[in-house]
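Participant: Predicted coordinates and the sequence they were generated for:
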Amino acid sequence: MDFPPDYKPEFESLKDLLLEMGEERSLDSLLRHIVRRLAERPHIALARVWLRQPGDICPTCPLRAECPDRTTCLHLVASAGNPTASPGADWSRLSGDFRRVPIGARKVGLVASTADAVVVKDASVDAKWIARPEWAAREGIRGFGGQPLLYKGEVLGVIAVFTRIPLVLEGLPWLRLIADHAAIAIANARAFEEIESLRRRLEDENAYLREEVAEANAFGSLIGQSPALRNVVEQIELVAPTDAGVLILGESGTGKELVAREIHSRSRRRAYPLIKVNCASVPPELYESEFFGHVKGSFTGAVRDRTGRFELANGGTLFLDEVGEIPLSLQGKLLRVLQEGQYERVGDESTRQVDVRILAATNRDLRREVERGRFREDLYYRLNVFPIEVVPLRERKEDIPLLADHFLALAARRLGVRRPRLTEANVVQLHRYDWPGNVRELQNVVERAVIFSRGGALSFSLPSETGRPVLRMDDAPGPPGAREVVLEEEWNRRARENLLAALRRADWRIYGPAGAAELLGIKPTTLASRMKKWGVRKEGERGTRRSP
């Protein structure tokens with residue numbers, strides 16, 4: 001592009017840009033707006049902004065040899081221009097050899113290291129400052145102006161323009177003014193984005209905590225006086241003050257989550273959140289997003305940035321319930337964040353730091369899962385630093401009266417009815433039952449009895465007072481300590497028959513009181529997952545004959 005000898009750039013319209021910068025709240029939008037508005041001026045060939053950030057591509061950076069320490073450099077974050085010799089070239093792209101510039105290297109790096117402007121009035125006279133003379137000659141580049149982005153004495157980055165006329169001295173104060181306003185706008189935009197990020201995180205935490213509060217109060221506190229429970233309490237008191245990983249073992253419904261909450265409440269992290277992930281309820285394709293979060297547009301349905309569970313638990317505790325359900329493909333990434341405290345959101349290249357304590361729970365034999373290649377051995381040892389086993393309710397029946405009385409009070413208060421009296425006959429009845437669903441089943445039975453009592457005498461409806469209503473996974477003939485060992489195929493066959501027996505007894509109802517999930521003492525989502533896995537459908541429908 002040729003300019004007449006008497007061409008003089010106009011600067012007054014830049015006042016609009018100064019006002020517009022103050023209205024931007026998004027950092028990306030702000031930076032793009034600055035370079036785009038500058039590049040609209042006929043004599044400006046290219047406008048760019050670099051910001052000071054940690055080094056991230058040091059091994060492959062074209063300028064790595066010029067980098068003094070490879071820790072911090074200038075990242076190209078916005079670019080706009082008007083190529084003439086190469087029509088169709090994209091000068092808004094943020095790639096290329098100068099996407100990273102070492103502090104102190106080249107003219108842009110010198111601006112950042114000295115916090116002083118670098119001005120090349122006419123490249124045809126002072127060509128030493130032009131890194132690519134052939135490009136400058138081809139595009140008619142004559143001048144260069146670079147200004148530091150200074151905010152409270154700190155260099156945030158560099159703003160630079162390449163002009164097709166010798167740099168006009170009258171324009172230098174304007175570039176300095178734009179740089180000063182841009183630095184303030186960048187600091188404000190960063191503050192707004194941080195506030196917005198914190199606001200979203202608080203929203204996510206509040207929504208999560210509202211979901212969890214009912215479960216947090218489900219068992220109230222550790223209730224009971226049995227030796228088995230006292231042993232669990234002693235282990236909690238021993239490990240809680242440390243940051244050691246804890247693997248909580250036990251059948252479904254024994255109160256493993258309650259143990260995790262007690263560990264957290266007695267730890268140094270109790271001022272920070274305890275965040276729970278039910279690993280069995282997360283679809284396989286969403287595990288990574290659930291754990292680490294994602295950025296907007298990273299996949300179909302990602303309409304906004306999402307904070308992952310690790311970020312929500314930062315500083316606190318992350319409880320991985322049913323940890324044995326985590327897919328093998330994700331276990332390596334989970335191990336990395338446990339060992340190094342680093343992760344990336346889905347669709348985001350930046351690495352984040354996190355400080356969490358991991359508590360995990362399972363009703364599986366993870367050692368056997370490792371032997372079968374279904375669980376990583378290194379992750380198993382990472383989680384199993386301090387194991388705590390929660391015994392089933394049938395092995396601590398002396399705690400039943402205290403638990404039942406506690407659940408009576410909870411149910412009566414929640415239902416708004418007079419609290420029924422727990423009689424000695426009621427206690428005998430509860431003692432005679434074997435509780436395959438453990439404490440969770442006891443709570444459901446008590447609440448159902450309160451509903452039916454209508455403020456009168458309490459009566460418990462139990463499938464059988466002397467035997468098990470359905471087969472438990474660990475049931476086998478023989479005295480304790482001498483149970484038979486069965487093949488995996490037989491184990492799965494029994495489990496499937498057990499599941500079918502519960503469904504038939506519940507008339508194929510999965511949810512609610514006396515539903516199959518309650519009879520089995522498992523969560524409805526777990527029951528649904530097993531039905532899908534084993535192809536179990538209501539009798540008369542296709543799919544009920546599939547073997548596990």
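Facilitator: Arrived safely.
Participant: which helices and strands does the lowest-mean-pLDDT helix or strand in the chain pack with?
Facilitator: Taking mean pLDDT, DSSP states H and E as the measure, helix 171-216 is the helix or strand of the chain with the lowest mean score, a mean of 78. Contacts defined by 3 or more Cβ pairs under 8 Å, 6 or more residues apart in numbering; DSSP states H and E place helix 171-216 against helix 14-21, helix 27-39, strand 143-151, strand 154-163, strand 306-307, helix 309-312. No exception for glycine: its C-beta is placed from N, CA and C like everyone else's.
Participant: make it 6 Å
Facilitator: helix 14-21, helix 27-39, strand 143-151, strand 154-163 (3 or more Cβ pairs under 6 Å, 6 or more residues apart in numbering; DSSP states H and E).
Participant: and after it, which helix or strand comes next?
Facilitator: Using DSSP states H and E, the next helix or strand after helix 171-216 towards the C-terminus is helix 227-239.
Participant: Which of the helices and strands packed on helix 171-216 sits closest to Arg304?
Facilitator: With Cβ to Cβ as the criterion, Arg304 lies closest to helix 27-39 of the helices and strands packed on helix 171-216, at 14.8 Å.
Participant: what sits up against that closest one?
Facilitator: 17, 24, 44, 47, 49, 77-81, 182, 185, 189-190, 193 (Cβ atoms under 6 Å, 6 or more residues apart in numbering).
Participant: Grab the most central residue of this protein for me.
Facilitator: Nearest to the mean C-alpha position of the chain, by Cα atoms, centre = their mean, lies Gly308 at 1.6 Å.
Participant: Kindly confirm whether my reading is correct that that residue touches Phe291.
Facilitator: Yes: using Cβ atoms under 6 Å, Gly308 is in contact with Phe291, at 5.4 Å.
Participant: Show me the common contact partners of the two, please.
Facilitator: By Cβ under 6 Å, 6+ apart, no residue touches both Gly308 and Phe291.
Participant: How is the closest residue to Asn438 other than its chain neighbours assigned, secondary-structure-wise?
Facilitator: Nearest residue to Asn438 in three dimensions, chain neighbours excluded: Gly253, at 3.5 Å (Cβ to Cβ, 6 or more residues apart in numbering). Three-state assignment for Gly253 (DSSP: H, G, I helix; E, B strand; the rest coil): coil.
Participant: Gly253: what's it in contact with?
Facilitator: Counting by Cβ under 6 Å, 6+ apart, Gly253 makes contact with 437-441, 521.
Participant: Same question for Glu288.
Facilitator: Per Cβ under 6 Å, 6+ apart, neighbours of Glu288: Val346.
Participant: do you know how far it is from Gly301?
Facilitator: 14 Å (Cβ to Cβ, to the nearest Å).
Participant: follow-up on the earlier one: so the closest residue to the residue nearest to the centre of the chain other than its chain neighbours versus Asp305, what's the distance?
Facilitator: Nearest non-adjacent residue to Gly308, counting by Cβ to Cβ, 6+ apart: Gly293, 3.2 Å away. According to Cβ to Cβ, Gly293 stands 7 Å off from Asp305.
Participant: Of those two, which one has the most company?
Facilitator: Between Gly293 and Asp305, counted using other Cβ atoms under 10 Å, the more crowded position is Gly293 (25 against 17).
Participant: What residues are bridge-paired with the more buried one?
Facilitator: Thr307 (DSSP bridges).
Participant: Make sure it is actually in contact with Arg345.
Facilitator: Yes: between Gly293 and Arg345 there is a contact under Cβ under 6 Å: 4.4 Å.
Participant: what about Cys73, is that helix, strand or coil?
Facilitator: Here Cys73 is strand, with the state taken from three-state DSSP.
Participant: quick one: the residue nearest to Asn438 from Pro392, how far?
Facilitator: In this view, Gly253 and Pro392 are 8 Å apart by Cβ to Cβ.
Participant: For Asp122, which non-adjacent residue is closest in space?
Facilitator: Take Asp122 and drop its neighbours on the chain: the residue closest to it by Cβ to Cβ, 6+ apart is Pro166, 4.2 Å away.
Participant: so how many other residues sit close to the one you found?
Facilitator: Using other Cβ under 10 Å, Pro166 has 15 neighbouring residues.
Participant: If you tally nearby residues, what's the number for the closest residue to Arg505 other than its chain neighbours?
Facilitator: Closest residue in space to Arg505, ignoring its immediate chain neighbours: Leu519 at 6.2 Å, by Cβ to Cβ, 6+ apart. By other Cβ under 10 Å, the residues close to Leu519 number 24.
Participant: Am I right that Leu519 is in a strand?
Facilitator: No: under three-state DSSP, Leu519 falls outside any strand and is assigned helix.
Participant: Distance-wise, check it relative to Lys397.
Facilitator: According to Cβ to Cβ, Leu519 and Lys397 sit 20 Å apart.
Participant: Is the residue nearest to Arg505 in contact with Ala502, as I believe?
Facilitator: Yes: the criterion here is Cβ under 6 Å, and Leu519 meets it with Ala502 at 4.5 Å.
Participant: From Gly456, how far out is Arg345?
Facilitator: Distance, Arg345 to Gly456, using Cβ to Cβ: 56 Å.
Participant: Of the two, which one has the most company?
Facilitator: Applying other Cβ under 10 Å to Arg345 and Gly456 shows that Arg345 carries more neighbours, namely 23 against 9.
Participant: distance of that one from Gly301?
Facilitator: In this view, Arg345 and Gly301 are 15 Å apart by Cβ to Cβ.
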